[in-house]
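> Let's see this in three dimensions:
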Amino acid sequence: MRAVAEIPAEEVVVDTQQQPVAAPDAGIARRQARLVRLLERMQRARARKGRPAPTVLVESPRWRFAWGESERPMHAASCGKLVTAALIGQLVDEGRLGFETAIGSLLPDADTRGLRLPGGIDAAREVTVEHLLANRSGLPDYFEASAVSAASFRSAVAHPERRFSPADLLAAAATQRPVGRPGQRFHYGDTNWVLLGRIVEEASGDAFADRARTRVFDPLGMASASTPYDASRIADDLSGLDVAPFWILGREMSRAHAVSLDWAGGNVVATPADWARFLRGLFGGELLAPATLAQLTEARSRFRFGIDYGAGTQTLRWRTLAPFQRAPRPDPVGHLGFWAAHTFHYPGQRAQVVLNFHDHRSMQSSFLVHGAIARILASLD
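Residues are numbered from 1 along each chain as shown. From the prediction side, this is the model:
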């Protein structure tokens, strides 16, 4: 296992069997050495549990660091929501819809008629694109269903051969109780993102996978990017699919048809380098108008302790997550994925951070590594 770090005028190569060679900046070298030791400890512990080494890629003008299978495509789970949000933002920029547009004017009745809201509120008339992006629609999350027969992680693990279409996912959501009135409260849920994916299709006239290819992947040069678990296109035999392994509830699922339940709420597979290209393009203004990007990144709600939610984006608040650290760390914007994937952009440092820990039970470890990376990036100011 190798890690590579780059600092101007000199390349620093770190091997897990050797000490890192001297770097021009001794402070960065010391912090990097601590990061390497942390990853080595984690790698040994993960190997005992049959888990691969963490995948880490950091790219910035002054420092580059790579660890693990950095050339292999990874399914980043809900990090793919950034792609869906970008596709919606492009439709806003094209004038095909607005953030305040009611979803009933964008979707056929079949997509919305089964969705329940309190007091008989009509979801088609009262839920807007903004409500969906910000997870404030009041609609339930189909992932939270308890029945094994429903569209949920339990169902996917119990029946990995199942395929889920967007209609299946919306039908599953229609069986659950709503969580509030539109705009009333934040409730993270993938039902919102299935509807957003359908809006992309209806407003553009393209299949979601095709739109992602022509408007995001190809323009940014994301040669490895794909949506292989799209229910309408998923192959009968996934044994040859080249995707880094990931575990859901203890079961390895990278070649399971049931991963199709993620659809527009995730489903994007790409190498860490291509995820970094996406982050550079999205936050560098290659995909969206500045005002549209600002709308997506403005924090509106608390997602978890130390994590705020905007409209398809998350912001990590390191001062809250690590209040006892003496040196402040910058707050990145991006998204987390269920099996401890991270795709985040650091505006001040022009840095991209991509992590994959392959298992939802590794989220704490992933944050320890990300925090160590954030400390190094803060020192580059």
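> and Gly104, how many neighbours?
Close neighbours of Gly104, defined as other Cβ atoms under 10 Å, add up to 18. The C-beta positions use only the backbone N, C-alpha and C, and glycine is treated the same way.
> Please report phi then psi for it.
Gly104 adopts backbone torsions of phi -70, psi -20, taken as degrees, to the nearest 10.
> same thing with Arg251?
phi -110, psi 130.
> Who does it form a beta bridge with?
Taking DSSP bridges as the rule, Arg251 bridges to Ile248.
> Pretty sure it sits against Pro160.
Yes: with contacts counted by Cβ atoms under 8 Å, Arg251 reaches Pro160, the gap being 7.5 Å.
> Look at those two and report which has more neighbours.
Shown here are Arg251 and Pro160; by other Cβ under 10 Å, Pro160 has more neighbours (17 against 13).
> And the closest residue to the more buried one other than its chain neighbours, how far from Leu169?
Take Pro160 and drop its neighbours on the chain: the residue closest to it by Cβ to Cβ, 6 or more residues apart in numbering is Ala256, 3.6 Å away. Distance of Ala256 to Leu169, computed by Cβ to Cβ, to the nearest Å: 16 Å.
> the more surrounded of those two?
Leu169 (28 against 20).
> What is the burial count for the closest residue to the more buried one other than its chain neighbours?
Spatially, and ignoring its direct neighbours in sequence, Leu169 is nearest to Val194 (4.8 Å; Cβ to Cβ, 6+ apart). Neighbourhood size, Val194 [other Cβ under 10 Å]: 31.
> And for Arg48?
Residue neighbour count, defined by other Cβ under 10 Å, stands at 7 for Arg48.
> Please parse the chain into its domains.
What the record gives for the chain is the domain set 2-72+334-378, 77-265, from automatic domain parsing.
> could the ones you listed go into TSV alongside distance to Glu298?
Below are those laid out as TSV (distance: least, Cβ to Cβ, whole Å):
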stretch	distance to Glu298
domain 2-72+334-378	13
domain 77-265	9
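> Tell me which of the ones you listed sits nearest to Leu316.
Proximity to Leu316 (Cβ to Cβ) singles out domain 2-72+334-378 among the domains of the chain, at 6.8 Å.
> avg pLDDT for the closest one?
For domain 2-72+334-378, the mean pLDDT works out to 84.
> now swap in stretch 315-323 and tell me
Across stretch 315-323, the average pLDDT comes to 92.
> Just the residues contacting that stretch, thanks.
297, 299, 305-309, 325, 328-333, 344, 367, 370-371, 374 (Cβ atoms under 8 Å, 6 or more residues apart in numbering).
> and if you look at stretch 219-228?
Contact partners of stretch 219-228, identified using Cβ under 8 Å, 6+ apart, comprise 73, 208-209, 212-213, 216-217, 233-235, 238, 241, 243, 267-271, 273-274, 277-278, 280-281, 286-287.
> gap between the two ends of it?
Stretch 219-228 has an end-to-end distance of 19 Å (Cα to Cα, to the nearest Å).
> got the buried residues for it?
220, 222, 224-228 (16 or more other Cβ atoms under 10 Å).
> Nearest to Ala291 among those residues?
Closest approach between the buried residues of stretch 219-228 and Ala291, by Cβ to Cβ: Leu220, at 20.6 Å.
> residues touching the residue nearest to that closest one when sequence neighbours are not counted, list them.
Spatial nearest neighbour of Leu220, excluding adjacent residues (Cβ to Cβ, 6+ apart): Gly281 at 4.2 Å. Applying Cβ under 8 Å, 6+ apart to Gly281 gives the contacts 216, 219-220, 287.
> the strands in this structure, which residues?
In the chain, the segments counted as strands under DSSP state E are 2-7, 10-15, 55-59, 64-67, 74-75, 247-248, 251-252, 269-270, 301-304, 307-309, 314-316, 333-337, 341-346, 351-356.
> Walk me through the regions of the stretch 101-250 of the chain where pLDDT falls short of the threshold, as ranges.
By pLDDT under 70, the low-scoring segments of the stretch 101-250 of the chain are 145-151.
> 80 - rerun?
145-153 (pLDDT under 80).
> quick one, helices of it?
109-112, 123-126, 129-133, 153-158, 166-174, 191-204, 208-212 (DSSP state H, counting those that start in this stretch).
> Distance to Lys81 for these - can I get that in TSV?
Shown next, in TSV, are the helices of the stretch 101-250 of the chain (distance: least, Cβ to Cβ, whole Å):
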stretch	distance to Lys81
helix 109-112	19
helix 123-126	20
helix 129-133	9
helix 153-158	17
helix 166-174	15
helix 191-204	6
helix 208-212	12
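> For Leu316, list each beta-bridge partner.
If you apply DSSP bridges, the partners that Leu316 bridges to are Ile307.
> Now do it against Pro272, distance only.
Using Cβ to Cβ, we find Leu316 at a distance of 18 Å from Pro272.
> Looking at the two, which has the bigger crowd around it?
Counted by other Cβ under 10 Å, Leu316 and Pro272 do not tie: Pro272 has more neighbours, with 31 against 26.
> What sits closest to the more buried one if chain neighbours are left out?
Take Pro272 and drop its neighbours on the chain: the residue closest to it by Cβ to Cβ, 6+ apart is Leu57, 3.9 Å away.
> same deal with Leu377?
Closest to Leu377 by Cβ to Cβ, 6+ apart is Gln349, at 4.7 Å.
> where's the one you found relative to Trp193, distance?
In this view, Gln349 and Trp193 are 29 Å apart by Cβ to Cβ.
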